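> sequence? don't have it. structure:
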């Protein structure tokens, strides 16, 4: 019982110290790692996710998602190692999708909508990309 109390106190002290120094993310590192394993994390205005597909396949699905959302595609290009697609929403907000190859069939995807990001629209676009990858 005494050891449990010591562990709890150590965790509380560490959490307090991290809050005071602005490093709360360290305390939540396990949660962030779990979110990364699940595939999606929203951080500083950008949705970051891991998708089981090559960059060209992700960009192709992104273009289909742009059409489905009736967003105006500005550009889309990809290679075996990376890709970039841009569009504008109906209200003129810029949409940027960056894709980087992690392994042969796994890509890292970053989505930013507007200057400061829009989590809801980013998640909607990410879900549409996933949908079109599964139904291509």
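Perfect, thanks for sending it. Predicted model only: the values in this text are computed from it and were never measured.
> Reduced to three states, what does residue 107 come out as?
strand (DSSP: H, G, I helix; E, B strand; the rest coil).
> Contacts only, for it.
50-51, 53-55, 58, 99-101 (CB atoms under 8 Å, 6 or more residues apart in numbering). For every residue, glycine as well, the C-beta is placed using N, CA and C.
> between the residues you listed, which is closest to residue 68?
residue 58 (15.1 Å; CB to CB).
> And the nearest residue to the closest one once chain neighbours are set aside, which helix or strand is it part of?
Excluding the flanking residues, the one nearest residue 58 by CB to CB, 6 or more residues apart in numbering is residue 99, at 4.7 Å. Taking DSSP states H and E as the criterion, residue 99 maps to strand 94-103.
> Run through who's touching that strand.
50, 54-55, 58-59, 62, 66, 71, 78, 80-89, 107-115, 121, 125, 129.
> mind checking pLDDT for the residue most central in space within the chain?
A centroid search over the chain (CA atoms, centre = their mean) returns residue 48, at 1.5 Å, as the residue closest to the centre. The score at residue 48 is 98. That number is its pLDDT.
> all helices of the protein, in order?
Assigned helices in the chain, in chain order: 2-21, 24-27, 29-38, 55-68, 119-134 (criterion: DSSP state H).
> Who wins on neighbours among the contacts of residue 107?
Neighbour tally across the contacts of residue 107 (other CB atoms under 10 Å): the maximum, 28 neighbours, falls on residue 58.
> ok, and for stretch 53-67, which residues are buried?
Buried residues in stretch 53-67, counting neighbours by 16 or more other CB atoms under 10 Å, are found at 53-66.
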